[in-house]
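> any chance you can model this:
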Amino acid sequence: MTAVLLAALAAVGFMAASFLGLLGGKLGFLDRHYPAAVAAGILLALAFADLFPEGLELAENAAIVGFVGGFALLFVIESLTHAHTHHVLEEGVPKHTLGPFVLGLMIHNLADGFVLGVGARAAEVTSGLVGLGILVHQIPVGISLAAVFAAAGAGRLRVLRTTVLLALAIPLAAALTVFLPVPGNGTLGLLTGTAGGVLAYVGAAHLLPEAHSEHPDKMSGIGLVAALLITTVLLLTVLHG
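Below you'll find the model as predicted:
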């Protein structure tokens, strides 16, 4: 249940950011690049120091296939659907591109929920850390949604409906992953490896660019390295098990 609650929080963060972007507001707390840098460090540490090694322990080569497959699949989907669009857009967006964009974000949010569900199967601590990283990650995603729809000239009611639908995908995927039975360690190892690949992609392709997108300074770099090292050390020592 913890994973579902965390997924619901991520959904709320996604909707709040989208509504804020729709109303023309700006996310000013701590500047986005600071929490994005810390979240990137946490998610990358979880991917490489927790989920991937656990997948290898459970399924060996299948976990490697899952890790590479999860990373590559999310990249291909977002490339084909243009789901990863920066939230500051200076040119108009053709309306016919909104369908693929929304499809890409739907798959993206389902993947986030899936990762939360797999994290809950691995450990309660892992699920909590993943939830923190995904919550921060969903904020620029929500802003991107509002910005793209505004650039395409879409009505506010359409943006609201789409935002709610996409937000619901996160807890839905988490609930399905948590409550559906997983047959055997081999399948769980494959899924854990896939979750690691998805987290690695989110950290490297989404959060790291976000951390450097707005007047980057030494503090965001220090925050990233500190979060990466501290989370890794904790996962290998105090939280190991």
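> contacting residues for residue 57?
Contacts were defined as Cβ atoms under 8 Å, 6 or more residues apart in numbering; by that measure residue 57 touches residue 189. (C-beta placed from N, C-alpha, C; glycine too.)
> how confident was the prediction at it?
According to the prediction, residue 57 has pLDDT 88.
> distance of it from residue 51?
11 Å (Cβ to Cβ, to the nearest Å).
> so residue 133 makes contact with residue 47?
No. Residue 133 lies out of contact with residue 47 (Cβ atoms under 8 Å); the separation is 9.9 Å.
> neighbour count: the two, which is higher?
The neighbour count for residue 133 versus residue 47, taken as other Cβ atoms under 10 Å, is higher for residue 133 (32 against 27).
> tell me which helix or strand the more buried one sits in.
Element membership of residue 133, judged by DSSP states H and E, is helix 124-151.
> off-centre distance for that helix?
Here helix 124-151 is found 6 Å from its chain centre; the criterion is Cα atoms, centre = their mean, to the nearest Å.
> swap in stretch 199-208?
In this view, stretch 199-208 has its centroid 8 Å away from the chain centroid, taken as Cα atoms, centre = their mean.
> what residues of it count as buried?
Buried residues in stretch 199-208, counted by 16 or more other Cβ atoms under 10 Å: 199-204, 206-208.
> of those residues, closest to residue 19?
Nearest to residue 19 among those: residue 206, at 20.4 Å, using Cβ to Cβ.
> skipping its backbone neighbours, what lies nearest the closest one in space?
In space, and not counting its chain neighbours, residue 206 is closest to residue 137: 6.0 Å by Cβ to Cβ, 6 or more residues apart in numbering.
> got it, and residue 173?
Leaving aside its sequence neighbours, residue 173 sits nearest to residue 113 (Cβ to Cβ, 6+ apart; 2.8 Å).
> if you count neighbours, what's buried in the helix or strand hosting the one you found?
Assessed by DSSP H and E, residue 113 sits inside helix 98-122. Neighbour-count burial for helix 98-122 flags 98, 101-102, 104-122 (criterion: 16+ other Cβ under 10 Å).
> show residues contacting the strand or helix carrying residue 62.
Using DSSP H and E, the element containing residue 62 is helix 61-81. The contact list for helix 61-81 (Cβ under 8 Å, 6+ apart) reads 52, 55-56, 59, 83-84, 100-101, 103-105, 107-108, 111, 186, 189-198, 200-202, 205.
> please apply the same query to stretch 161-169.
With Cβ under 8 Å, 6+ apart, stretch 161-169 has contacts from 11-12, 14-15, 18-19, 102, 105-106, 109-110, 113, 142, 145-146, 149.
> now residue 165, what's its secondary structure?
Classification of residue 165 by DSSP: H, G, I helix; E, B strand; the rest coil places it in helix.
> just residue 181 next, same as before
Of the three states, residue 181 takes coil according to three-state DSSP.
> how close does it sit to residue 55?
18 Å.
> looking at these two, which is more packed in?
It is residue 55, of residue 181 and residue 55, that has more neighbours when counted by other Cβ under 10 Å, with 28 against 5.
> for that one, give me its contacts.
62-63, 66-67, 189-196.
> distance between the ends of stretch 48-62?
Taking Cα to Cα, to the nearest Å, stretch 48-62 runs 16 Å from one end to the other.
> what's near enough to touch the closest residue to residue 50 other than its chain neighbours?
Counting by Cβ to Cβ, 6+ apart, residue 50 lies nearest to residue 235, which is 4.9 Å off, once chain neighbours are set aside. Contact partners of residue 235, counting by Cβ under 8 Å, 6+ apart, are 45-46, 49-50.
> closest to residue 7 out of these?
Nearest to residue 7 among the contacts of residue 235 is residue 46, at 15.8 Å by Cβ to Cβ.
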